[in-house]
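[1] Have a look at this prediction, sequence included:
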Amino acid sequence: DSGVTQTPKHLITATGQRVTLRCSPRSGDLSVYWYQQSLDQGLQFLIQYYNGEERAKGNILERFSAQQFPDLHSELNLSSLELGDSALYFCASSAYRGAGAYNEQFFGPGTRLTVL
Amino acid sequence: GENVEQHPSTLSVQEGDSAVIKCTYSDSASNYFPWYKQELGKGPQLIIDIRSNVGEKKDQRIAVTLNKTAKHFSLHITETQPEDSAVYFCAASNPAGGFKTIFGAGTRLFVKA
């Protein structure tokens, strides 16, 4: 168990809908990362937050957005869902060790999103 | 943009044999290289990592090597066991610009008993 929790585990919805995925980082970790993993694909970095602020952005669609709250949990919002958005969505967290320090990420169990 | 290439995409070995997975990265500023193991239905789990000031690191049956000049790093698993069967991902991380980590496409390892 990595200490990172994600809810829900499974989500089934229809095209055009909006969903929210939730992530709680490991105790003490300030950074949260979101990744998308499509069927038999690698991990695509979406976005990173550090202590409530957006730190880095990857290939995140404009229909997707995220935020990190004062208690450090994060939410990924996916709107106007399309069939191709069906995937596993992982959250990871890491501790801040100072500028230029190494970045050990610990992953949650993921949320499986199915868009019908 | 930055990318990480990983080979092979699939690897099948006999129990007890060694397995080697290779990765090449493009961002010369990367200085941290973790390896993750993902079992079916689970999130990736960090199994070993190497930092740019080290050429090799070993942890029991697992070892990683790094060649910064060639921008190449490898995972070596010796005396493979059926429970080693999983998907393995390499990654390269650049602490500048937000600790963005780029993952390889993954290697599906099958260990036959």
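    Perfect, thanks for sending it. Residues are numbered from 1 along each chain as shown, chains lettered A, B, ... in the order given.

[2] what is the mean pLDDT for the longest strand seen in chain B?
    For chain B, the strand that runs over the most residues, judged by DSSP state E, is strand B:86-94. On average, the pLDDT along strand B:86-94 is 93.

[3] Can you pull out the residues in contact with the helix or strand that it is followed by?
    Per DSSP states H and E, strand B:86-94 leads on to strand B:100-103 as the next helix or strand towards the C-terminus. Applying CB atoms under 8 Å, 6 or more residues apart in numbering or on different chains, the external contacts of strand B:100-103 come out as A:33, A:35, A:42-45, A:48, A:56, A:58, A:103, A:105, B:2-4, B:25, B:27, B:30, B:34, B:36, B:89-94. The way it works is simple: take the backbone N, C-alpha and C, and place the C-beta from them, glycine included.

[4] quick one, the helix or strand following strand B:100-103 and strand B:86-94 angle?
    For strand B:100-103, the following helix or strand on the C-terminal side (DSSP H and E) is strand B:107-112. Calculated by axes from the mean of the first three to the mean of the last three CA atoms, to 10 degrees, strand B:107-112 forms an angle of 150 degrees with strand B:86-94.

[5] If the residue in chain A that chain B sits nearest to is in a bridge, with which residues?
    Nearest to chain B, among the residues of chain A, is A:A56, at 2.9 Å (CB to the nearest CB). With DSSP bridges as the criterion, A:A56 is bridged to A:Q48.

[6] who in chain B is up against chain A?
    B:31-32, B:34, B:36, B:42-46, B:49, B:51, B:89, B:93, B:95-106 (CB under 8 Å from any CB of the partner chain).

[7] Just the buried residues of the residues you listed.
    B:31-32, B:34, B:36, B:43-44, B:46, B:49, B:89, B:93, B:95, B:98-106 (16 or more other CB atoms under 10 Å in any protein chain shown).

[8] how many neighbours does the residue lying closest to A:Q105 once chain neighbours are set aside have?
    Distances taken as CB to CB, 6 or more residues apart in numbering or on different chains place A:A92 nearest to A:Q105, at 4.1 Å, with adjacent residues excluded. Counted with other CB atoms under 10 Å in any protein chain shown, residues neighbouring A:A92 total 29.

[9] residues contacting A:A92?
    Counted by CB under 8 Å, 6+ apart, A:A92 has contacts A:V4, A:V32, A:Y33, A:Y35, A:Q105, A:F106, A:F107, A:G108, B:G43.

[10] part of a strand, is the fourth one?
    Spelled out, it's A:Y35. Yes. The assignment for A:Y35 is a strand, going by DSSP: H, G, I helix; E, B strand; the rest coil.

[11] Quick check: beta-bridge partners of it?
    Under the criterion used (DSSP bridges), A:Y35 bridges to A:F45, A:F90.

[12] didn't it look like it was pressed against A:Q41?
    No. With contact defined as CB atoms under 8 Å, A:Y35 does not count as touching A:Q41 (10.6 Å).
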